[in-house]
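Undergrad: Here you go, sequence then predicted model.
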Amino acid sequence: MIIAQISDTHIALDTPDADQRIQDFASTIADINALKPQPDAIVHTGDIVHNGRQDEYALAAATLAGARAPVYVMVGNKDNRANLREAFSACGYLAPNSDFIDYAIDDYPVRLIALDTLSSGSNKGDFCRERVRNLIDLIDAETTKPIAVFTHHPPFEVTVGPDPLHFESRDIMSGLRRALQHSGRVVAVFSGHVHRAASGHVESIPATVMPSIATTLRKGDYPAEMKTRPIYHVHRFGPVRGFATETRIVGTPPLPT
Ligand SMILES: [Fe+2]
């Protein structure tokens with residue numbers, strides 16, 4: 001199974017770099033469309049748009065509609081649940097009336113679980129008791145397949161950058177980490193939000209963070225020729241080795257398969 005992960009496109013319509021953000025998003029989808037073999041799924045790990053506006057979502061949804069593989073979206077701290085749900089309701093996997101946007105996809109050899117870590121009070125992550133309960137229920141709903149979990153905020157301390165903790169408190173992050181270990185079937189956690197690549201663990205579960213697709217918001221030092229080339233992750237699953245992650249630079253010829 002192959003999953004292309006994208007994140008933090010931060011589509012905006014009235015910032016000086018708005019055109020670049022749109023171009024970064026479009027060029028990434030074009031690059032994914034050229035992958036051979038095609039990914040089975042594309043997951044956007046949140047901060048799809050920058051201000052949660054309907055017109056921003058309309059543009060993002062139009063860009064994602066050009067993807068050849070099925071796309072799954074989730075919320076980041078810059079997203080608006082109601083407007084996101086409205087823009088992507090036709091996709092069929094978002095429950096219409098739930099408080100949170102968390103769901104499982106059972107169509108693949110690896111189950112995909114998308115979590116809602118959006119806080120109403122800050123840009124950091126939240127994961128209240130109701131969401132812990134939801135996650136355990138989602139994990140328990142199927143008992144045979146490995147599970148890949150997607151979160152906007154990474155559930156581990158990212159030691160590169162000014163603040164390692166991306167949840168509102170260590171207790172909140174610990175609650176999420178404990179729930180992720182429930183059952184032992186979660187084999188990987190894939191996140192965004194930090195705008196730079198990082199890796200860590202949730203005890204024995206490997207966890208990664210991908211950079212922002214928006215090159216103007218990407219953190220870290222890149223050579224000049226990389227300034228307008230987005231980076232995304234391709235996660236390839238093998239039943240014995242688990243996930244192996246390729247970091248792809250948009251516009252690079254694909255690796256031989
Ligand atoms: Fe974020």
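TA: The structure has been received and is ready for your questions.

Undergrad: does the residue nearest to residue 185 when sequence neighbours are not counted have beta-bridge partners, and which?
TA: What sits nearest to residue 185 in space, not counting adjacent residues and going by C-beta to C-beta, 6 or more residues apart in numbering, is residue 147, at 5.1 Å. (C-beta placed from N, C-alpha, C; glycine too.) Note on residue 147: beta-bridge partners residue 111, residue 186, judged by DSSP bridges.

Undergrad: ok, so what distance separates residue 147 from residue 168?
TA: 25 Å (C-beta to C-beta, to the nearest Å).

Undergrad: contacting residues around the nearest residue to residue 18 once chain neighbours are set aside?
TA: Spatially, and ignoring its direct neighbours in sequence, residue 18 is nearest to residue 12 (5.1 Å; C-beta to C-beta, 6+ apart). Residues near residue 12 by C-beta atoms under 8 Å, 6 or more residues apart in numbering: 18, 21, 49, 50, 51, 56.

Undergrad: before we move on, what about residue 47?
TA: Contacts for residue 47 were tallied using C-beta under 8 Å, 6+ apart; they are 7, 8, 9, 10, 76, 77, 78, 79, 152, 192, 193, 212.

Undergrad: Now it: phi and psi?
TA: Residue 47 adopts backbone torsions of phi 60, psi 50, taken as degrees, to the nearest 10.

Undergrad: Look up the closest residue to it, ignoring the ones flanking it.
TA: Nearest to residue 47 is residue 76, by C-beta to C-beta, 6+ apart, at 3.4 Å.

Undergrad: Okay, that neighbour and the ion: tell me how far apart.
TA: Computed with C-beta to the ion, to the nearest Å, the distance linking residue 76 and the ion is 4 Å.

Undergrad: Same check on residue 78?
TA: 6 Å.

Undergrad: Checking that residue next. Helix, strand or coil?
TA: The local conformation at residue 78, judged by DSSP: H, G, I helix; E, B strand; the rest coil, is coil.

Undergrad: thinking again about what came up before, which among the contacts of residue 47 gets closest to residue 221?
TA: The shortest approach to residue 221 among these belongs to residue 212, at 14.6 Å (C-beta to C-beta).

Undergrad: if we can go back for a sec, and the contacts of residue 12, which two are furthest apart?
TA: Farthest apart among these by C-beta to C-beta are 21 and 51. That separation is 12.0 Å.

Undergrad: which residues sit in contact with the residue minimising distance to the centre of the chain?
TA: Computing the C-alpha centroid of the chain and ranking residues by C-alpha atoms, centre = their mean puts residue 45 first, at 1.7 Å. Residue 45 makes contacts with 5-8, 74, 76, 150-152, 190-193, 210, as judged by C-beta under 8 Å, 6+ apart.

Undergrad: With residue 180 instead?
TA: For residue 180, the contacting residues are 135, 149, 155, 186, 189, 202, 205, by C-beta under 8 Å, 6+ apart.

Undergrad: Much appreciated, bye for now.
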